[in-house]
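1. just the structure for this:
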Amino acid sequence: MAISQQAFEQYTVAFYNLENLFDVHNDEHILDEDFTAQGRKQWTPQRYQKKLQKLSDAISKVGVLQTGKLPAIIGVAEVENKKVLEDLIEQPKLVKGDYGIIHYNSPDERGIDVALLYRKKLFTVESSSPIAVDVTMPNDEPDRTRDILYVKGFLSGMPLHLYVNHWPSRRDGAQSTNEKRVTVAKQLMSHVNNVDPHNDRTNQEKHLLEGTNIIVMGDFNDDPENDSIRNEILPYGFQNVTA
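-> Numbering: from 1, shown residues only. This next block holds a predicted model:
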């Protein structure tokens, strides 16, 4: 969670992994059979609604001690589609935030995506786009993973660049999948360097990202001491901010 201050106001910018927020309907284009009433999770409308209630309760409390307000911006991961986000922001504890949604379908075979929720009266969206990433290693089968979401806008008038990430998991082992996360980090920073007007790309040295408000958030499946963060992100001047 990062707290920004503009015009003596504090705003919460947060990230939350919604942990398989699926609806109850079977989508033949993704692997969501477990999340049906007949599936392994026995995913009924009642269980879905209970999950929405618990998530909205948790999100509504993020940063409230510091700002007294609902989060201004929330990056999220593991959402099936835009409809589940619409259901989430209509929950009683979030509806007063009047949240907008930015979501794109990713090629991930599980059907999970990243997205951004934002309070429309506080954050103005100028542009957004998914950043496709290729993590197929030599001699591997094509590996479909989540896109990175890029959003440019203004938080209470302050220019802000946001990146929402969900990097490849460690399911097959931390070391064997390490290069995939390093690869995503490099592709992310390639995009970051192109939006930062202060980065001298004619010089091979890495430069601090001065004068540009950039937040990189997400579930990286790595820690700050791991290669992807230590070698590819932090050298550019980013600070590791946690709640």
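2. any idea how far Tyr150 is from the residue most central in space within the chain?
-> When CA atoms, centre = their mean is applied to the chain, the residue found nearest the centroid is Val164 (3.0 Å). Per CB to CB, to the nearest Å, Val164 is found 8 Å from Tyr150. Where you see a C-beta, it was placed from the backbone N, CA and C, and this is true even at glycine.
3. is it true that Val144 touches Pro107?
-> One thing to correct before we go on: residue 144 is Arg, not Val. Yes: assessed by CB atoms under 8 Å, Arg144 is found in contact with Pro107 at 4.3 Å.
4. quick one, what contacts the residue nearest to Ile131 when sequence neighbours are not counted?
-> In space, and not counting its chain neighbours, Ile131 is closest to Ile148: 4.1 Å by CB to CB, 6 or more residues apart in numbering. Residues in contact with Ile148 (CB atoms under 8 Å, 6 or more residues apart in numbering) are Val114, Pro130, Ile131, Val133, Tyr163, Val164, Asn165, Val184, Gln187, Leu188, His191.
5. of all these, which comes closest to Asp227?
-> Val184 (11.6 Å; CB to CB).
6. show me the shaky parts of the chain.
-> Along the chain, segments meeting pLDDT under 70 span 1-8, 196-211, 243.
7. what segments of it are strands?
-> Secondary structure of the chain (DSSP state E): strands located at 2-6, 9-21, 73-79, 99-103, 113-119, 123-131, 148-155, 158-166, 214-219.
8. who are the packing partners of the last one?
-> The contact analysis (3 or more CB pairs under 8 Å, 6 or more residues apart in numbering; DSSP states H and E) places strand 214-219 against strand 9-21, strand 73-79, strand 158-166, helix 174-195.
9. what about Asp227, neighbour count?
-> 13 (other CB atoms under 10 Å).
10. surely it touches Asn178?
-> Yes: using CB under 8 Å, Asp227 and Asn178 qualify as a contacting pair, with a distance of 6.1 Å.
11. pipe the strands of the chain into JSON lines and attach distance to Asn240 per row.
-> Shown next, in JSON lines, are the strands of the chain (distance: least, CB to CB, whole Å):
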{"stretch": "strand 2-6", "distance to Asn240": "10"}
{"stretch": "strand 9-21", "distance to Asn240": "13"}
{"stretch": "strand 73-79", "distance to Asn240": "16"}
{"stretch": "strand 99-103", "distance to Asn240": "25"}
{"stretch": "strand 113-119", "distance to Asn240": "20"}
{"stretch": "strand 123-131", "distance to Asn240": "21"}
{"stretch": "strand 148-155", "distance to Asn240": "18"}
{"stretch": "strand 158-166", "distance to Asn240": "14"}
{"stretch": "strand 214-219", "distance to Asn240": "10"}
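12. quick one, which of these is nearest to Gln239?
-> That would be strand 2-6 among the strands of the chain, by CB to CB, at 9.0 Å.
13. quick revisit: right, and the strands of the chain - which one's nearest Thr242?
-> Once the strands of the chain are compared by CB to CB, strand 2-6 is nearest, at 9.2 Å.
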